[in-house]
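Chemist: what follows is a predicted structure for the sequence shown.
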Amino acid sequence: MLLSGNLNQQPWNSAIPTLVLLKKCKRLSDINQIHARLLTTGFIKNTFLTTKIILSFSTSLHAPLIEFARFIFFRHHAFEFDEKEEEEEKDPFLWNAIIKTYSHGHDPKEAMWLVSLMLENGAFADKFTLSLVLKACSRVGLVKEGMQIHGLLKKLEFGSDLFLQNCLISFYVKCGCLVRASQVFDRMPKRDSVSYNSMIDGYVKGGRIDLARVVFDCIPLEERNLISWNSLIRGYAQSEDGILVAWQLFAKMPERDLISWNSMIDGCVKCGRMEDAQGLFDRMPNRDIVSWANMIDGYAKNGRVDIARSLFDEMPERDVVAYNAMMGGYVQNGYCMEALGIFYGMQSDGNFLLDNATLLIALSAIAQLGHIDKGVAIHRFIEEIGFSLDGRLGVALIDMYSKCGSIENAMMVFENIKEKSVDHWNAIIGGLAIHGLGELAFDFLMEMERMRVEPDDITFIGLLNACGHAGLVKEGMMCFELMRRVHKVEPKLQHYGCMVDILGRAGHIEEAKNFVEEMPFEPNDVIWRSLLSACKTHESFNVGQPVAENLMRLDSPSPSSYVLASNMYAGLGKWNDVRKVRAMMKQKNLKKIPGCSWIELEGHVYAFFPIQVVSTL
């Protein structure tokens, strides 16, 4: 019991035990005991004690304590005015404490409502009150409401206060209203380093590095600090064109911190300059987990998973970001079993809280491997932990089950998701396409319209693929027209490629050829290969020969392009052309990747490759 021990050593009418026990409260049961004591002793009417409770609990990390602080405030302070203390009661001090629980908590919209209630009940809003409301508006993008606060500031004597003007700039920047932020900045009679840095950060995040540089150059030397330098360097380092300028700024910096070094390493990694990144990494006076994770991610993206793993093993300490970087690197380079090995190591360690990104990478690895048993185990783990499937995790689960051959489980996951986004619909339609269930995929489009979920370009790629695999030519044509005329989605190269595939698979070679010729885009090697494959299957050599010639002119890096062309020429009996194509493959060191089949048996996946017979003739 929380109220045991020292309670009997104090008089029953003493508030000291209650004050002592406030710091020990964490759970709802503790709150109930405190509340019961307040009621039975009459201390619930003690303004000093209830104020102390509100101030102590409103800053707590425990939700029951915050809720109790709000309850005490609304029940015993917000609406009760004593005539002698009316002026004191109008002070916004307690109101601000409660508003902050909303503006910095899980329901920032309520902060706006609370300020309106506060003004209606005679309390006046001070600088801190309005800064809290602007914070709440910026968190949830309430632009209109934030502009109302801006208008209120113009009517108040303290509205031009530097702190509030900086809050306004921060609000507009976070809401993406850079023009309005600039207007506030330009009209400020006085600025400080926060004003300048907020504008630089806003311009950098908005992709206007040119304007960020203008602001940086205007900063008085006494106001230019490490944050100013780091923000500008980060902006330049994000693009290959700006990395050289970032280097120049980095060299001129009067001082550097970890953020400076990490920003440069991150920029070099993103531009593929791993030698420069390694040089910076080696010169760093201190490194943190971000430094190591950036290097691991960079080497992995460049295909050097061996170096990435060496760095990973050398890390003095790791966090979930480092683990995710190494797992993601393995998956990107096709080492899915190694990625799962790291995942299971994290699980068994117990010192790491797996996040959404960890589970997404693990599910992607399983989808590529086809290990459905491992996927089911992760699904159970997700349910035990209580992760929501309303976001990307639900999409990844649907995709994993579809690619592992269990469309039934994919459908079950889809049906159990309450708040389905267009991404969930796209995932299940893509899964139905893989399994050749074109008619059902088309039905899902109708269901999307009934549920008022607007399809996007990815939806129609999935639908067209489904129609192609199921041989549904009419339905495919209908989807293409619905996309353009009803949903106003402009077809991309992939959509045209799907239509060529649909027509080609069904043997409508001339229609497919006309479709390619009427495209508003220049056909790529994928579309030509699709058409050439259809020509070969349906022995339409008169169309296939010019297609093969077009494919050769594209100088495609894909070996399948040359194999298809070679087979086409062989079908026409043009053996000289066959030898030319084979010579081109040999010259470019292109080898056909053999197809394979695989099955899962007793938890193991077995792959079967065709035996290559070498002729002795």
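Modeler: That came through, no problem.
Chemist: the host helix or strand of residue 263: what's the following helix or strand?
Modeler: For residue 263, the element it lies in under DSSP states H and E is helix 258-270. The helix or strand immediately downstream of helix 258-270 is helix 274-283, counting by DSSP H and E.
Chemist: list the buried residues of that following helix.
Modeler: For helix 274-283, burial by neighbour count (16 or more other CB atoms under 10 Å) applies to 274, 276-278, 280-281. No exception for glycine: its C-beta is placed from N, CA and C like everyone else's.
Chemist: low-confidence stretches in the protein?
Modeler: 1-24, 43, 80-90, 350, 554-558, 572, 588, 590-617 (pLDDT under 70).
Chemist: now the angle between helix 274-283 and the helix holding residue 263, please.
Modeler: 160 degrees (axes from the mean of the first three to the mean of the last three CA atoms, to 10 degrees).
Chemist: mind listing what's buried along helix 258-270?
Modeler: Judged by neighbour count (16+ other CB under 10 Å), helix 258-270 contains these buried residues: 259-270.
Chemist: save these as TSV, and put in distance to residue 172 too.
Modeler: TSV is the format used below for these (distance: CB to CB, whole Å):
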residue	distance to residue 172
259	24
260	27
261	31
262	28
263	24
264	29
265	31
266	27
267	27
268	32
269	31
270	28
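Chemist: phi, psi for the nearest residue to residue 45 once chain neighbours are set aside please.
Modeler: Distances taken as CB to CB, 6 or more residues apart in numbering put residue 76 closest to residue 45, at 7.6 Å, once the chain neighbours are dropped. Here is the backbone geometry of residue 76 (degrees, to the nearest 10): phi -130, psi 0.
Chemist: residue 194: helix or strand, and which one exactly?
Modeler: Per DSSP H and E: helix 193-205 holds residue 194.
Chemist: tell me the helix or strand right after that helix.
Modeler: With elements assigned by DSSP H and E, the helix or strand that comes after helix 193-205 is helix 209-218.
Chemist: what helices or strands is whichever helix or strand comes after that next one leaning on?
Modeler: For helix 209-218, the succeeding helix or strand toward the C-terminus, using DSSP H and E, is helix 226-237. For helix 226-237, the helices and strands in contact under the criterion 3 or more CB pairs under 8 Å, 6 or more residues apart in numbering; DSSP states H and E are helix 193-205, helix 209-218, helix 243-252, helix 258-270.
Chemist: with distance to residue 136 added, can I get these in CSV?
Modeler: Converted to CSV, those look like this (distance: least, CB to CB, whole Å):
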stretch, distance to residue 136
helix 193-205, 18
helix 209-218, 27
helix 243-252, 35
helix 258-270, 27
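Chemist: and of the ones you listed, who's closest to residue 309?
Modeler: helix 258-270 (16.5 Å; CB to CB).
Chemist: show me what that closest one is in contact with.
Modeler: Residues outside helix 258-270 that contact it (CB atoms under 8 Å, 6 or more residues apart in numbering) are 226, 229-230, 233-234, 236-238, 243, 246-247, 250, 253, 274, 276-277, 280-281, 284, 286-288, 290-291, 294-295, 297-298, 301.
Chemist: now stretch 497-510
Modeler: Stretch 497-510 has contacts (CB under 8 Å, 6+ apart) with 461, 464-465, 467-468, 471-473, 476-477, 480, 511-512, 515-516, 524, 526-527, 530-531, 533-535, 537-538, 540, 543.
Chemist: counting neighbours, which bits of that stretch end up buried?
Modeler: Within stretch 497-510, the residues scored as buried using 16+ other CB under 10 Å are 497-506, 508-509.
Chemist: same thing with stretch 99-109?
Modeler: The neighbour-count check on stretch 99-109 (16+ other CB under 10 Å) flags 99-103, 108 as buried.
Chemist: what of stretch 406-423?
Modeler: Neighbour count says stretch 406-423 has 406-407, 409-411, 413-414, 417, 420, 423 buried, by 16+ other CB under 10 Å.
Chemist: same check on stretch 158-168?
Modeler: Applying 16+ other CB under 10 Å to stretch 158-168 flags 159, 161, 164-168 as buried.
Chemist: now residue 551: which helix or strand?
Modeler: Using DSSP H and E, residue 551 sits within helix 541-553.
Chemist: show me what that helix is packed up against.
Modeler: By 3+ CB pairs under 8 Å, 6+ apart, helix 541-553 packs against helix 509-517, helix 525-537, helix 559-571.
Chemist: thanks a lot, see you next time.
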